[in-house]
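Kindly generate the corresponding structure for this input.
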Amino acid sequence: MYLRHNIVFLCCVFAAFFLPLSLQAETFAFKEKLGAKQRTISTVNEQVMLNGELLYETRILNRMTSEVKEIDSTKNGDTKFDAVFALAEERLVPDKVESDSKISAFQWQEDYHSIFSRSTLGKITIGKNVVMPTVRDVPLFPDKDLAVGETWTAPGVEAHDLGPTFGIKELFSIPFVATYKFLGDRKWRGKTYKTFSIDYTAEKKTTDYFEQDPFNTMTNGAKSDFKPVKVLAKSNQLVYWDSGLGQPVGANENFSLVFYMSDGNVYEFSGTAEAEIIESEIMDKDALSKDIEKKLQDAGIKDATVKIVEGGVSIDIENIQFTADSAILQKSEKAKLDAIGKILTQYPNRDILVSGHTALAGGSDASRMQLSQERAGAVAGYFINNKVRGKEHIMVRGWGSTKPIADNNTEEGKQKNRRVEITILEN
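Numbers count the residues shown, from 1 in each chain. Predicted coordinates for the structure are as follows:
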């Protein structure tokens with residue numbers, strides 16, 4: 001069983017009026033600019049328990065990028081977002097795996113494309129089976145001024161995709177009523193922001209979902225009574241707002257999701273999450289690619305090309321040298337990565353995706369995929385070790401031999417296909 005919890009909130013405006021405390025009133029409302037782009041980075045430290053005993057721990061990176069596509073000029077002011085949610089998991093490199101990196105990186109798992117709208121007070125309109133965001137209608141503001149210490153309640157919902165585990169065709173929705181409280185000024189990462197709390201607990205029985213579907217993937221499609229009969233969800237959050245910028249800047253959360261199973265077992269997914277919102281600067285891809293090309297030439301780096309891709313600008317390092325059938329970088333490649341790392345540090349506000357590729361030679365598809373992931377992880381780990389990027393701002397993805405750029409029937413083509421792509425992400 002494997003679930004991913006995500007803490008997601010989109011750019012909002014907090015309007016403040018600096019009055020004496022006894023008279024102070026605050027108006028909360030969402031407001032956006034057409035074409036604005038943002039990314040939300042949240043890191044989740046999660047424990048998975050079975051009947052109160054630890055099964056495993058994991059660290060999950062949720063990276064949401066969004067763009068404001070439309071803004072309704074009516075009273076509700078619905079804003080339409082086009083967003084992509086990328087989920088990655090931090091995996092420790094086993095001792096038996098030969099790798100140059102002893103620092104683990106976030107390994108890409110899957111991503112979701114999502115289009116949805118939100119009103120000025122926070123009500124979300126979204127398609128029936130759109131997976132992300134998981135938490136909807138949070139925050140949801142009252143249409144009135146709020147004083148420091150004042151509380152309010154509003155409905156919300158968690159929508160989870162239990163299909164891969166239990167064969168549920170539709171999203172499993174858990175409705176709740178959240179309690180909010182405006183806390184005034186609090187510090188987050190050394191700065192003071194307007195802060196409010198969000199708390200909720202919800203319970204959902206699952207009987208209706210399984211009356212027509214006695215099969216699930218936990219038993220490899222065999223008929224089984226292994227299914228959840230009740231789910232409990234709980235969340236406690238603090239959200240921080242910059243009233244001058246008119247944007248949220250971060251949040252902290254404690255959460256739990258408990259499954260009571262028909263066989264008597266109890267699974268609990270619990271932990272903490274921290275999120276930050278970063279407004280993305282517009283990327284001039286043409287200018288950036290030309291700038292990087294010149295810097296590669298000045299550094300004397302060969303077998304590296306620059307190209308514009310959908311998500312940003314990519315540096316392709318062809319025929320990158322590892323010890324045979326391993327993820328151990330040869331010394332010559334470390335010098336190359338040092339030079340590329342210096343170039344990447346000149347664009348500190350952009351996240352990075354490191355993608356690994358192999359030639360179609362030897363082994364199985366699975367082994368080539370694994371090797372490409374390990375090699376991409378070695379490059380990412382090298383950058384993390386050398387402080388080119390923090391761990392939360394770099395992801396790894398392996399492609400195996402599925403995306404060749406040259407003929408695998410020639411040695412020259414195989415060398416080109418053995419490559420690592422370093423993409424400076426636009427958003």
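
Which residue ranges of the stretch 151-300 of the chain form strands?
151-160, 172-188, 191-205, 228-242, 247-261, 266-279 (DSSP state E, counting those that start in this stretch).

The second one packs against which elements?
So the one you mean is strand 172-188. Packing partners of strand 172-188 (3 or more Cβ pairs under 8 Å, 6 or more residues apart in numbering; DSSP states H and E): strand 151-160, strand 191-205, strand 228-242, strand 247-261. (Glycine included, C-beta is placed from N, CA and C.)

From the chain's centroid, how far away is it?
Shown here is strand 172-188, whose average C-alpha point lies 21 Å from the average C-alpha point of the whole chain (Cα atoms, centre = their mean, to the nearest Å).

Between strand 191-205 and that strand, find me the angle.
Using axes from the mean of the first three to the mean of the last three Cα atoms, to 10 degrees, the inter-axis angle of strand 172-188 relative to strand 191-205 is 160 degrees.

And for the fifth one?
Orientation note: strand 247-261 sits at an angle of 30 degrees relative to strand 191-205 (the same axes, to 10 degrees).

strand partners of strand 247-261, parallel vs antiparallel please.
strand 228-242 (antiparallel), strand 266-279 (antiparallel) (DSSP bridges).

Report the angle between that strand and strand 151-160.
Using the same axes, to 10 degrees, the direction of strand 247-261 lies 60 degrees away from that of strand 151-160.

Could you give the bridge partners of Q38?
The partner residues for Q38, given DSSP bridges, come to S66, E279.

in which helix or strand would I find the residue nearest the centre of the chain?
Among the residues of the chain, the smallest C-alpha distance to the mean C-alpha position (Cα atoms, centre = their mean) belongs to N62, namely 1.7 Å. Counting by DSSP states H and E, the element that carries N62 is strand 53-71.

Can you list the low-confidence ranges for this protein?
For the chain, residues meeting the criterion pLDDT under 70 lie at 1-24, 75-76, 91-103, 166-167, 207-226, 246.

For it, give the helix that spans the most residues.
Determined from DSSP state H, the single longest helix within the chain is helix 365-385.

Go through it and flag the buried ones.
Within helix 365-385, the residues that count as buried by 16 or more other Cβ atoms under 10 Å are 368-384.

rewinding a little: following the strand holding N62, which helix or strand comes up?
Using DSSP H and E, the helix or strand that follows strand 53-71 towards the C-terminus is strand 79-90.

Name the strands paired with that following strand and say parallel or antiparallel.
Paired strands of strand 79-90, with direction, are strand 53-71 (antiparallel), strand 106-118 (antiparallel) (DSSP bridges).

May I see the buried residues of that strand?
By neighbour count, with 16+ other Cβ under 10 Å as the criterion, the buried positions of strand 79-90 are 79-81, 83-90.

Turn those residues into TSV, including distance to F269.
Written out in TSV, the entries for the buried residues of strand 79-90 read as follows (distance: Cβ to Cβ, whole Å):
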residue	distance to F269
T79	31
K80	32
F81	27
A83	23
V84	24
F85	18
A86	20
L87	14
A88	17
E89	13
E90	16
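
ok, of the residues you listed, which one's closest to T192?
The shortest gap between T192 and any of those belongs to T79, at 27.7 Å (Cβ to Cβ).

I'd assumed R118 was in contact with the closest one.
Yes - taking contact to mean Cβ atoms under 8 Å, the distance of 5.5 Å between T79 and R118 places them in contact.

Identify the contacts common to the two.
Common neighbours of T79 and R118 are listed as F30 (criterion: Cβ atoms under 8 Å, 6 or more residues apart in numbering).

circling back: return the member of the buried residues of strand 79-90 nearest to V148.
Out of these, the one with the shortest distance to V148 is T79. That distance is 27.6 Å, counting by Cβ to Cβ.

which ones are touching the closest one?
The neighbours of T79, taking Cβ under 8 Å, 6+ apart as the test, are 30, 32, 68, 70-72, 117-118.

V266 and E158, how far apart?
Counting by Cβ to Cβ, to the nearest Å, the separation of V266 from E158 is 19 Å.

who has more neighbours, the two?
In this view V266 and E158 are compared by other Cβ atoms under 10 Å, and E158 has more residues nearby, 24 against 15.
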